[in-house]
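>>> below are the sequence and a predicted model; questions follow.
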Amino acid sequence: NKATMIVDKDFVIGDIDARIYGSFIEHLGRAVYGGIYEPGHPQSDENGFREDVLELINELKVPIVRYPGGNFVSGYNWEDSVGPKSERKHRLELAWRTIETNEFGFNEFVDWAKKANTEVMMAINLGTRGMDAARNILEYSNHPSGTYWSDLRREHGYEQPHGIKTWCLGNEMDGPWQIGHKTAHEYGRLAQESAKVMKWVDPTIELVACGSSNIVMPTFPEWEATVLDHTYDHVEYLSMHQYYGNREDDTPTFLARSLEMDDFIRTLIATCDYVKAKKRSKKKMMLSFDEWNVWYHSNEVDSKMDPWSIAPPQLEDVYNHEDALLVGCMLISLLKHADRVKMACIAQLVNVIAPIMTSKMGGTWRQTIFYPYMHTSVYGRGKALVPLINSPKYDSKEITDVPYLESVAVHNEELGEVTIFAVNRHLESELLFEIDLRSFGSCTLIGHTVMECDDLKAANTEQQPDRVKPHNNGNAVVDGAKVTASLVKASWNVIRLK
Ligand code: AHR
């Protein structure tokens, strides 16, 4: 069992935009309340922001966080969430059937993002609302002063504009589950007109139009073609969402799902370029993969939940080792498309399908998926290099020709480092991995980190927070520009070279 990979510093896929390591906080479950915000918790600051959670977020180096939804945003009245807390309205939240107290709102999130060292990707409501609310929130947020909305922000204690640069035009508007679901034409028109007025308020912003909610939507990819027909000249990004699960307990297929993700990205690039050609446009549409992850463990429990409580536990997937392997493969997929995927958000960040967990008034722990996300975010900065891979393959029940090896290399010119991320999908045997770094000359090994576990279903919990975690005893050896490693079965690997 041997796989080879050739990488050359001149064979560049593209500059990696750090924002592909973004994440997502929705007003859903315990993401906000009991997640990033828990007044009275011993680890919370004077604003109620949990500092133990912030420490873990800092380890992940999250460059951008999408907010406040998700499905939540399609019923969001942003005005409810600003101003004196005592006057904020409690509302029925129809997307997740809970009660939203609005105790934590727009300005609190901006404050939190500053403290978390991250940028805000703000979504607007194109479900129950439209261009009027869109232009108003932007004026409140980004206009300096001298108008009703900007002066209201100042009255609320924010003299300086928030300067939020990235705005999403709604969320999953193709989905029948969405509050205010629309046809592609209805959404396309609304997104176009909202984009126009938003850019009149602040021409420096960048906008994301909604693509399909996932690759199996019946309207994919016609949805994208129609939406872009309306919005191509007005937006910078098209969004993509995709979650995977292993409901059938078919791990070989599950681990191959990232090949579908590759396909999804390729099809969207083709669709964007088709509209570009049709419009004789010079602009290249970029992609924002602003929701992706594994999501299925919590579905059954969630379906039995009683409605109308405040911040109940929802979507609290407990991730195992095989989930971390697929998340690693999905991150590699994003890197392999670094030329067109410029933003991406692992969904989500805390408690809700998340790498970080908290317990009420208790501690924090890292889920298995925390590690591949952290490794790529910390070491995967620079240029993504074309991976010329030759790997033995397998056929799973649903997907054929699946390479056992999934890999990509990143060149950080500033630090003079090359990092190779690799997954061995083989569940029974190790894989000999030979890397030819030809143009890099003689390299030295910085380290080989491995995440392995005999039990694919093993997970980290509050009681056993370190059940699955990486070690630095990988066996990679370097000889000039050749690297050889034996990749343990079902493992995630990070090989760093100078
Ligand atoms: O991330 C959870 C949900 O998944 C989001 O609210 C929605 O956009 C998607 O369906």
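Thanks, I have the structure now. Residues are numbered from 1 along each chain as shown.

>>> and the residue in the stretch 251-400 of the chain that the ligand sits nearest to, how far is that from residue 65?
Taking Cβ to the nearest ligand atom, the ligand has its nearest neighbour within the stretch 251-400 of the chain at residue 347, 4.2 Å off. No exception for glycine: its C-beta is placed from N, CA and C like everyone else's. Going from residue 347 to residue 65 by Cβ to Cβ, to the nearest Å gives 11 Å.

>>> neighbour-wise, which of these two wins?
Using other Cβ atoms under 10 Å as the criterion, residue 347 and residue 65 rank with residue 347 on top: 26 against 23.

>>> pretty sure the more buried one is touching residue 353, no?
Yes. Under the criterion of Cβ atoms under 8 Å, residue 347 is in contact with residue 353, at a separation of 5.9 Å.

>>> tell me, what's touching the two both at once?
Common contacts of residue 347 and residue 353, defined by Cβ atoms under 8 Å, 6 or more residues apart in numbering, comprise 243, 293, 295.

>>> so what's the last one closest to, chain neighbours aside?
Ranked by Cβ to Cβ, 6 or more residues apart in numbering and with sequence neighbours excluded, the top spatial neighbour of residue 295 is residue 243, at 4.0 Å.

>>> now do the contacts for residue 496.
Residue 496 neighbours (Cβ under 8 Å, 6+ apart): 379, 417, 418, 419, 420, 445, 446, 447, 448, 449.

>>> and with 6 Å instead?
419, 446, 447 (Cβ atoms under 6 Å, 6 or more residues apart in numbering).

>>> check residue 426 too.
404, 489.

>>> what secondary structure does it sit in?
Counting by DSSP: H, G, I helix; E, B strand; the rest coil, the backbone at residue 426 sits in coil.

>>> so who does the most centrally placed residue in the chain touch?
For the chain, the residue nearest the mean C-alpha position is residue 345 (1.6 Å; Cα atoms, centre = their mean). With contacts defined as Cβ under 6 Å, 6+ apart, residue 345 is in contact with 22, 23, 24, 66, 290.

>>> now do the residue nearest to residue 295 against residue 354, distance only.
From residue 243 over to residue 354 the distance is 13 Å, taken as Cβ to Cβ.

>>> now do the contacts for the closest residue to residue 76 other than its chain neighbours.
Excluding its sequence neighbours, the residue lying closest to residue 76 (Cβ to Cβ, 6+ apart) is residue 125, at 4.7 Å. With contact set as Cβ under 6 Å, 6+ apart, residue 125 has these partners: 73, 74, 76.

>>> closest to residue 470 among the residues you listed?
residue 73 (35.0 Å; Cβ to Cβ).

>>> ok but that closest one is inside a strand, no?
No. Looking at residue 73 with three-state DSSP, it is helix, so not inside a strand.

>>> residue ranges for the strands of the stretch 51-200 of the chain, please.
Ranges of strands in the stretch 51-200 of the chain, per DSSP state E, counting those that start in this stretch, are 64-67, 91-93, 98-100, 119-124, 166-169.

>>> the stretch 251-400 of the chain too?
So, for the stretch 251-400 of the chain - with DSSP E, counting those that start in this stretch - the strands run 286-294, 341-346, 356-358, 364-366, 383-385, 388-390, 393-394.

>>> any stretches of the protein with poor pLDDT?
For the chain, no stretch is flagged by pLDDT under 70.

>>> show me which residues of the stretch 151-300 of the chain sit near the ligand.
Neighbours of the ligand within the stretch 151-300 of the chain, by Cβ under 6 Å from any ligand atom: 171, 172, 291.

>>> highest neighbour count among these?
Each of those was scored for neighbours by other Cβ under 10 Å, and residue 171 scores highest at 31 neighbours.

>>> name the nearest residue to it, ignoring sequence neighbours.
Of all residues not flanking residue 171 in the chain, residue 73 sits nearest, at 5.1 Å (Cβ to Cβ, 6+ apart).

>>> could you measure from that neighbour over to the ligand?
8 Å (Cβ to the nearest ligand atom, to the nearest Å).

>>> for that residue, what are its contacts?
Residues near residue 73 by Cβ under 6 Å, 6+ apart: 123, 125, 171.

>>> again with residue 446
Contacts for residue 446 (Cβ under 6 Å, 6+ apart) come out as 496, 498.

>>> likewise for the one 4 residues further on?
Shown here is residue 450, whose contacts under the criterion Cβ under 6 Å, 6+ apart are 471, 474, 491, 493.

>>> if you drop the residues flanking it in sequence, what lies closest to it?
Residue 450 sits nearest to residue 474 (Cβ to Cβ, 6+ apart), 4.4 Å away.

>>> secondary structure element holding the one you found?
Using DSSP states H and E, residue 474 sits in no helix or strand.

>>> beta partners for the residue nearest to the centre of the chain?
Beta bridges link residue 345 to residue 22, judged by DSSP bridges.

>>> how near is it to residue 444?
For residue 345, the distance to residue 444 equals 35 Å [Cβ to Cβ].

>>> contacts only, for residue 138.
Listed by Cβ under 6 Å, 6+ apart, the contact partners of residue 138 are 198, 201, 202.

>>> how many neighbours does the residue of the chain found nearest the ligand have?
Residue nearest to the ligand within the chain: residue 70 (2.9 Å; Cβ to the nearest ligand atom). Neighbours of residue 70 under the rule other Cβ under 10 Å: 27.

>>> over to the one 5 residues further on?
A total of 22 residues lie near residue 75 under the criterion other Cβ under 10 Å.

>>> just checking, it touches residue 179?
Yes. Counting by Cβ atoms under 6 Å, residue 75 does reach residue 179; the two are 4.6 Å apart.

>>> so what's in contact with these two at the same time?
When contacts are counted by Cβ under 6 Å, 6+ apart, the set common to residue 75 and residue 179 consists of 94, 128.

>>> the stretch 301-450 of the chain against the ligand: which residues are in contact?
347, 348.

>>> repeat that for 5 Å
Selection of the stretch 301-450 of the chain residues close to the ligand by Cβ under 5 Å from any ligand atom yields residue 347.

>>> can you give me the helices in the stretch 301-450 of the chain?
All helices of the stretch 301-450 of the chain, identified by DSSP state H, counting those that start in this stretch, fall at 321-336, 370-379.

>>> using PDB, list the CA coordinates for the shortest one.
It stands for helix 370-379. Output of helix 370-379 as PDB, limited to C-alpha atoms (Å, rounded to 0.1, in the frame of the first residue of the first chain):
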ATOM      1  CA  PHE A 370     -11.300  20.800  16.800                       C
ATOM      2  CA  TYR A 371      -7.900  19.400  15.900                       C
ATOM      3  CA  PRO A 372      -7.900  19.200  12.100                       C
ATOM      4  CA  TYR A 373      -9.600  22.600  12.100                       C
ATOM      5  CA  MET A 374      -6.900  24.100  14.400                       C
ATOM      6  CA  HIS A 375      -4.000  22.500  12.500                       C
ATOM      7  CA  THR A 376      -5.100  23.800   9.100                       C
ATOM      8  CA  SER A 377      -6.000  27.200  10.400                       C
ATOM      9  CA  VAL A 378      -2.700  27.600  12.200                       C
ATOM     10  CA  TYR A 379      -0.400  26.000   9.600                       C
END
